[in-house]
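Student: Fold the following, please.
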Amino acid sequence: MPEGDTVWHTAAVLREHLCGHTLTRCDIRVPQFATVDLSGNVVDEVLSRGKHLFIRVGQASIHSHLKMDGSWRVGFLNEKRPVRVDHRARIILEANDIRAVGIDLGVLEILDREHDEGAVAHLGPDLLGPDWDAELAAANLTAQPDRPIAQALLDQRVLAGVGNVYCNELCFIAGHLPTAPVSAIGNPRRLVARARDMLWANRFRWNRCTTGDTRAGRQLWVYGRAGQACRRCGTRILVDDTGERIAYWCPSCQH
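Tutor: Numbering: from 1, shown residues only. Purely as a prediction, here's the structure:
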């Protein structure tokens, strides 16, 4: 599930392969932008902002958001198994022997480079960005004290980068149910700092870890572990999948 760390890592891979190279192919498979051809322009920058990704090429900016199922895949055309292009491809970028394919992207649009930041102006402090501000993030989090903690953490206007995996994990380490009000958090500054620490530690990994144990099956506290024993107290982890977002929690460790 793409979250802020996944997008940051994706941007790093795209940056490594594309920056400084001239595009030799630009195939955009979104009707509104299908006629846009950025071939012949140099890729200058690739950056992430929360869950948003920007590839700046010439005077344009390719803005994408992975949503739930999207991904970018990068590779070399001369490999035995080059990056595949199928019906899920929304954009294909090539720079000589390098190919980058945006697959099932939830958002894909071409923006004026000078004004592309307008697409993310609504976001709160980016957990992995240069604008990170823990005090502001904590203030945003507590602005509506009656709001459920999970809802506030998932609101990208509060802080940018937390998705459902980190939301559930943060609620666990804070000792509160996802449905508990924000007012129950004793130290909001500490919670947003933990969120930053989690994403920062995982920014180079595709398989995230919040427990500190990277061995298979031991990386997460509660997410995806319904019916299994809590790693702290042994109580069975519960799950609620009736809402818009699935929630996991330990009924003993969280209240």
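Student: CA atoms for contacts and neighbours, from now on please.
Tutor: Fine.
Student: what residues does the strand or helix carrying residue 10 touch?
Tutor: For residue 10, the host element (DSSP states H and E) is helix 4-18. Helix 4-18 has contacts (C-alpha atoms under 8 Å, 6 or more residues apart in numbering) with 43, 45-53, 66, 72, 74, 95, 98, 100, 127-128, 160-163, 199-200, 202-206.
Student: now with 7 Å?
Tutor: The contact list for helix 4-18, computed with C-alpha atoms under 7 Å, 6 or more residues apart in numbering, reads 43, 45-48, 50-51, 53, 72, 161-162, 199, 202-204, 206.
Student: Kindly report the same for stretch 185-200.
Tutor: So stretch 185-200 is in contact with 5, 127, 128, 134, 135, 137, 138, 170, 210, going by C-alpha under 7 Å, 6+ apart.
Student: same question for it, mean pLDDT?
Tutor: Mean pLDDT, computed over stretch 185-200, is 98.
Student: Relative to the whole chain's centre, how far out is that stretch?
Tutor: In this view, stretch 185-200 has its centroid 17 Å away from the chain centroid, taken as C-alpha atoms, centre = their mean, to the nearest Å.
Student: Okay, buried residues for that stretch please.
Tutor: With burial defined by 16 or more other C-alpha atoms under 10 Å, the residues of stretch 185-200 counted as buried are 185, 188, 189, 191, 192, 193, 195, 196, 198, 199.
Student: ok, the residues you listed vs residue 109, which is closest?
Tutor: Nearest to residue 109 among the buried residues of stretch 185-200: residue 199, at 26.4 Å, using C-alpha to C-alpha.
Student: angle of the helix or strand harbouring that closest one against helix 4-18?
Tutor: Using DSSP H and E, residue 199 sits in helix 188-201. Per axes from the mean of the first three to the mean of the last three C-alpha atoms, to 10 degrees, the angle that helix 188-201 makes with helix 4-18 is 40 degrees.
Student: what's whichever helix or strand comes after helix 188-201 packed up against?
Tutor: Moving toward the C-terminus from helix 188-201, the next helix or strand (DSSP H and E) is strand 238-240. Helices and strands touching strand 238-240, by 3 or more C-alpha pairs under 7 Å, 6 or more residues apart in numbering; DSSP states H and E, are strand 247-249.
Student: Nice, that's everything, thank you.
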